[in-house]
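here you go, sequence then predicted model.
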Amino acid sequence: MTNQIYTAIAFAPVQGFIEKSRKLRDLYGSSYLLSYLSWVICNDAESKRCEVISPASPNVTQGMPNQIIIKGDYKEKDAEAAFNTAWKCVTHACQEWIEKEINDGWEYKFWKRDWGAWTNYAWEFFWVQSDLVEGDLGKGINDVRQRLNEKKRSRAWTGINWQGESSTLSGADGIAYPKRSFDCNECDDREEKAYNPKKYNYQAEKAIVKKFFQDLSDKLGENFIDPDEELSIPELIKRLITHELITDKLQESLRNNFSNVDILVEQLKKLSEDLSPRSFKYLSRQDEEKYWTCWFQGDGDKAGDYLKKYPEKTTEFSKMMREWGKDFQNQNKSPFCRVIYAGGDDFLGVFYDVKEGRILKSNYCVNQFSKFKSEIWNKSEKKPITASVGFVWAAPGIPQRDVLQHCREAEKSAKNKGRDRIAFRVLFNNGNHLEWVCPWELLESGLLASYCDREGKQNWTHIYNDVAVLESRHAFNKESTEIALGLLEIYFPTQVSIDKKDRETQVSKNTELKSYWRHLVEQQDSWWNIYDLNEKLIKTGILGDRKNSYKDDAEEIDSLKVNKALNHWIINLAKVGFHLCQQ
């Protein structure tokens with residue numbers, strides 16, 4: 001056996017870069033840029049005769065994760081040079097296009113320092129190599145992945161000290177705008193004049209910002225940039241990179257700096273075509289004050305643990321998830337849904353209202369996830385890991401950045417409450433929210449669809465009102481779950497869409513007249529996750545894992561805590577069902 005070197009590379013920030021997005025096209029732009037930077041590193045490594053272990057399928061640019069594992073001695077200086085050049089191509093393409101096309105009395109020499117700072121210090125770059133490992137693929141991958149995680153914990157971030165008014169979106173970066181040429185004739189030191197507190201004129205600066213973004217809007221279209229927006233340089237880059245006028249310039253720069261970029265250029269053209277203001281205007285959230293929208297964010301469960309246990313399957317797993325992400329993105333290009341990114345086991349998407357007076361219904365969105373695990377996640381082949389999803393039904397007028405934060409929190413809630421489930425969250429204009437977390441097994445068995453009120457209809461108002469009255473009388477208490485289970489028996493009756501044979505195995509004869517769902521929820525076997533000897537999840541429980549929060553000092557199950565959790569689960573089912581499933 002011969003000794004082998006493994007190299008691991010990552011860069012940051014990723015989540016923050018995506019979340020600081022005002023419009024949907026900004027989300028697409030940020031997702032593309034992250035994939036683009038990863039692709040350039042993989043392409044450069046292969047050009048130096050190294051093998052990319054993960055991500056698999058490097059010829060597919062879309063959905064490229066930002067952690068890269070390479071078999072071979074890929075030098076840090078080569079990797080960082082490729083990364084920096086790729087980012088510089090983007091920033092220079094945007095900057096040069098603006099300076100050439102927006103030329104109505106603007107003086108650009110004074111903003112080059114700000115663009116230079118964002119070109120050189122926007123990212124944190126991580127590179128590690130493993131020691132020589134004698135012929136052991138799994139050991140080499142695990143070792144280099146562990147070293148990369150340790151490197152991330154010791155960060156060396158360079159912050160950019162911006163001057164002037166901050167972006168209305170991030171609040172942390174300065175607004176990107178040049179100075180008017182006739183304001184720069186009085187002195188050569190523009191910064192001393194503009195940012196001296198004694199000479200600073202807020203209203204004058206505000207007028208200049210408005211004029212600059214009005215000029216951009218006139219050139220690119222109001223659907224693309226609103227004159228009232230105040231974007232920072234990175235925010236402006238994410239927006240511009242989706243316009244065909246800027247992508248044409250970037251393509252030229254890519255060909256001048258890299259080889260074998262035909263795939264990258266093709267994807268760039270496709271991005272600008274898909275996000276053309278003519279075809280993408282209904283996703284601009286320009287009518288956000290009128291309609292509710294639905295967002296979802298998902299992630300594979302314990303993918304890191306799986307790869308740590310089976311490092312030799314890294315390429316196989318990466319290929320499987322990347323193919324799934326590509327298929328998921330393609331199959332959801334419907335009039336109602338767009339998948340913004342699907343980078344393997346991570347994905348983000350949105351359901352939105354469409355033209356011609358059709359309004360998005362919450363129950364339509366819920367129904368799209370009623371068979372998610374069996375028909376979408378495990379489509380083609382069963383995945384070795386499960387998935388947790390955060391589902392957010394957002395009220396009109398809520399800023400996109402807040403919606404994205406709630407998506408992330410809902411996904412985290414699904415994971416914290418046991419994984420292999422979906423967290424439904426209803427987000428109101430005042431910032432309050434309701435949440436109900438449900439295992440996929442219960443959702444796919446038809447729990448929501450089996451609701452039936454006393455009139456034989458699916459009017460969730462009845463159970464919602466009953467819960468409100470019972471709560472006002474403090475009827476739910478941790479001593480008992482009888483009242484909550486009684487609601488299940490009344491509103492989720494025995495007649496459910498389950499084969500008779502299956503029912504006979506799950507419902508004993510002496511409980512035949514009981515509601516199937518009540519019987520299921522009150523059984524202790526339904527409360528907890530069950531794992532096999534290899535710690536693989538084989539059954540998902542309503543309450544998730546038997547964590548310490550459900551145990552007393554003697555490590556026994558605390559019935560009071562369990563009762564409280566079950567009561568809340570049924571109460572939240574009624575409240576969230578009323579808002580999401582009402583016909």
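Perfect, thanks for sending it.

I'd like the distance between the spatially closest residue to residue 543 that is not a sequence neighbour and residue 56.
Spatial nearest neighbour of residue 543, excluding adjacent residues (C-beta to C-beta, 6 or more residues apart in numbering): residue 527 at 4.7 Å. All C-beta atoms are positioned from the backbone trio N, CA, C, and that covers glycine. Using C-beta to C-beta, to the nearest Å, residue 527 is found at 38 Å from residue 56.

what comes up buried for stretch 221-233?
223, 224, 225, 226, 229, 230, 231, 232, 233 (16 or more other C-beta atoms under 10 Å).

let me fix that, I meant to ask about stretch 309-317.
311, 313, 314, 315, 317.

identify the residues contacting the third one.
Contacts here follow C-beta atoms under 8 Å, 6 or more residues apart in numbering; on that basis residue 314 touches 53, 54, 69, 141, 307.

hmm, residue 315 and the last one touching each other?
No - between residue 307 and residue 315 there is no contact under C-beta atoms under 8 Å: 10.5 Å.

so after the worst-scoring helix or strand of the chain on mean pLDDT, what's the next helix or strand?
For the chain, using mean pLDDT, DSSP states H and E, the weakest element among its helices and strands is helix 500-506, scoring a mean of 46. Downstream of helix 500-506, the first helix or strand assigned by DSSP states H and E is helix 516-522.

mind listing the strands the helix or strand following that next one pairs with, and their directions?
Using DSSP H and E, the helix or strand that follows helix 516-522 in sequence is strand 530-531. Taking DSSP bridges as the criterion, strand 530-531 sits next to strand 537-539 (antiparallel) in its sheet.

list the buried residues for the strand it pairs with?
Neighbour counts over strand 537-539 (16+ other C-beta under 10 Å) mark residue 537 as buried.

what does the helix or strand that it is followed by rub up against?
With elements assigned by DSSP H and E, the helix or strand that comes after strand 537-539 is helix 559-581. Residues from elsewhere that reach helix 559-581 (C-beta under 8 Å, 6+ apart): 362-363, 365-366, 393, 424, 426, 434-438, 448, 451, 458, 460-461, 463-464, 466-467, 471, 476-481, 484-485, 487-488, 491, 521, 527, 542-543, 549-550.

from the residues you listed, which land in strands?
393, 424, 426, 434, 435, 436, 437, 438 (DSSP state E).

of those residues - the most surrounded one?
residue 424 (30 neighbours; other C-beta atoms under 10 Å).

quick one: that residue and residue 447 touch, right?
No - at 11.8 Å, residue 424 does not count as touching residue 447 under the criterion of C-beta under 8 Å.

overlap in contacts, those two.
With C-beta under 8 Å, 6+ apart, residue 424 and residue 447 have common neighbours residue 438.

quick revisit: between the ones in strands among the contacts of helix 559-581, which is nearest residue 178?
Relative to residue 178, the closest of these is residue 393; by C-beta to C-beta it sits at 41.6 Å.

contacts only, for the closest one.
Residues counted as contacts of residue 393 (C-beta under 8 Å, 6+ apart) are 292, 293, 294, 362, 365, 424, 425, 426, 427, 579, 580.

who wins on neighbours among these?
Of these, with other C-beta under 10 Å as the count, residue 424 tops at 30 neighbours.

now do it against residue 483, distance only.
23 Å.

what of residue 229?
52 Å.

before we move on, the earlier item: out of the contacts of helix 559-581, which are buried?
362-363, 365-366, 393, 424, 426, 434-438, 448, 451, 458, 460, 463-464, 466-467, 476, 481, 484-485, 487-488, 491, 521, 527, 542-543, 550.

mind listing the helices for the stretch 101-250 of the chain?
All helices of the stretch 101-250 of the chain, identified by DSSP state H, counting those that start in this stretch, fall at 112-121, 137-153, 190-195, 202-220, 233-240, 244-257.

what residues does the second one touch?
Taking contacts as C-beta under 8 Å, 6+ apart, the residues outside helix 137-153 that touch it are 4, 6-10, 12, 53, 67, 69, 71, 126-131, 133, 307-308, 310-312, 314.

also stretch 31-40?
11, 14, 17-18, 55, 58, 61-66, 68, 82-83, 85-87, 90, 123, 237-238, 241-242, 258, 263-264, 267-268, 271, 340-341, 343, 348.

just the buried subset of these, please.
11, 14, 17-18, 55, 58, 61-66, 68, 82-83, 86-87, 90, 123, 237-238, 241-242, 258, 264, 267-268, 271, 340-341, 343, 348.
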